[in-house]
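In: here's my sequence, what's the structure:
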Amino acid sequence: MKKLAILAAGLMAMPAFFAGAAMADGHAATGDAAAGEKAFRQCVSCHVVVNDAGETLAGRKAKTGPNLYNIAGATMGSVDGFRYSKLLEAGAEQGVVYTEEFFVKYVMDPTGASQEATGESGRGKMSFKVRKAEDAVNLYAYLASLSAEGS
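Out: Numbers count the residues shown, from 1 in each chain. Alright, predicted model coming up:
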């Protein structure tokens with residue numbers, strides 16, 4: 001019975017361990033990756049997560065948006081081969097990074113967050129907006145868990 005209690009306590013602590021785990025580059029993901037996986041269902045029509053070995057970790061073969069592998073802690077507009085808007089290209093030039101805080105702002109208001117971060121006018125290509133901040137935080141945690149550092 002004691003072993004069962006220890007096992008249960010360990011399993012219950014796992015989400016907290018992964019949720020607060022710091023990325024190798026110092027960016028922490030505070031959300032619930034399991035909840036983020038569910039929230040990612042609203043992203044799969046445009047995005048996919050494919051690792052460097054070519055394995056699809058999440059999503060389908062969507063190509064409307066860029067591959068989100070290693071997006072946590074990445075510089076805006078940094079996926080090779082993807083054609084970004086001028087606004088996101090400005091973010092790349094300025095070194096705007098997808099920290100959890102910026103990612104949450106971005107997925108809730110892509111154009112507004114990009115304009116605020118860069119000081120530039122223009123529009124982003126992403127028209128979808130995540131409605132709940134909790135979902136956005138969880139999405140970041142999920143994507144971080146699929147990254148090279150998180151996996």
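
In: after the helix or strand of the chain with the lowest mean pLDDT, which helix or strand is next?
Out: Least confident element among the helices and strands of the chain, by mean pLDDT, DSSP states H and E: helix 2-19 (a mean of 38). Using DSSP states H and E, the next helix or strand after helix 2-19 towards the C-terminus is helix 33-39.

In: give me the contact list for that following helix.
Out: For helix 33-39, the surrounding residues in contact (CB atoms under 8 Å, 6 or more residues apart in numbering) are 15, 18-19, 58, 130, 134-135, 137-145. Backbone N, C-alpha and C define where each C-beta goes, glycine included.

In: which of those are buried?
Out: 18-19, 58, 130, 135, 137-145 (16 or more other CB atoms under 10 Å).

In: max pairwise distance over those: which two?
Out: Based on CB to CB, the longest span within these runs between 18 and 130 and measures 20.7 Å.

In: just checking, residue 117 touches residue 76?
Out: Yes - checked against CB atoms under 8 Å, the pair residue 117 and residue 76 is within contact range at 7.5 Å.

In: overlap in contacts of those two?
Out: Residues touching both residue 117 and residue 76 by CB under 8 Å, 6+ apart: 91, 96.

In: so for these two, which residue has more residues nearby?
Out: For residue 117 versus residue 76, the count of surrounding residues by other CB atoms under 10 Å is larger for residue 76: 27 against 18.

In: identify the residues contacting that one.
Out: 88, 91-92, 96-98, 114, 117.

In: and the residue nearest to it when sequence neighbours are not counted, how many neighbours?
Out: With CB to CB, 6 or more residues apart in numbering as the criterion, residue 76 has its nearest non-adjacent residue at 3.5 Å, and that residue is residue 91. Using other CB under 10 Å, residue 91 has 27 other residues around it.
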